[in-house]
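Q: mind looking at a prediction? Sequence and model below.
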Amino acid sequence: MHEVSLMEQTLAIAVEQAQQHHASQIHRLTLNVGQQSGVFTDALAFAFDIVSQGTIAEGASLEMIEIPVTCRCENCQREFQPPDWIYICPQCQQISHTIINGKQLELASLEMS
C-alpha cells in the first residue's frame, strides 16, 4: 500500500509548513487527487488516520477533491475531459495521448492555528 508512504510525505510537508507559520495544531488538510493518480482515496484516508497519530495533525479532517482527467488533442489542440479511459477527442475523433490534468496528488491547503 503505497498510500501510507504518500501520506507520510504529505504529512511531513504539512507539519513543516505549520511549524514555519508557528502553528501548534493542524485542523484540516485538503488534497487534490487526480483520477489517474493511481491513489485509492479510501486507503489514503486510512493512512492519514494512522500516520497523523501523535502529530500536530492528529484529529484533523482530511478533504480530498477529485480532479478529473483533462486531455489535449495533438491533432486539433482542443482540451477535453474524456468520459472514459479511451481519450478520444470529441471534435476530431483522434485518440489523445496528452494528459494535462488528473495525474496529480497535491496538498492544496492547510487550516492551522
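A: Nice, I can see it.
Q: buried ones in the longest helix seen in the chain?
A: When the chain is parsed with DSSP state H, its longest helix is helix 2-20. Residues Glu3, Leu6, Met7, Thr10, Leu11, Ala14, Val15, Ala18 are the ones in helix 2-20 that count as buried (16 or more other CB atoms under 10 Å). (Glycine included, C-beta is placed from N, CA and C.)
Q: how distant is stretch 32-41 from the center of its chain?
A: 6 Å (CA atoms, centre = their mean, to the nearest Å).
Q: okay, it in PDB with CA atoms only?
A: Output of stretch 32-41 as PDB, limited to C-alpha atoms (Å, rounded to 0.1, in the frame of the first residue of the first chain):
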ATOM      1  CA  ASN A  32      -6.200  17.400  -4.900                       C
ATOM      2  CA  VAL A  33      -6.300  13.800  -6.100                       C
ATOM      3  CA  GLY A  34      -6.200  13.200  -9.800                       C
ATOM      4  CA  GLN A  35      -8.500  10.500 -11.200                       C
ATOM      5  CA  GLN A  36      -5.400   9.000 -12.800                       C
ATOM      6  CA  SER A  37      -3.000   9.400  -9.900                       C
ATOM      7  CA  GLY A  38      -3.000   5.800  -9.000                       C
ATOM      8  CA  VAL A  39      -4.100   6.500  -5.500                       C
ATOM      9  CA  PHE A  40      -7.100   4.900  -3.700                       C
ATOM     10  CA  THR A  41      -8.700   7.600  -1.600                       C
END
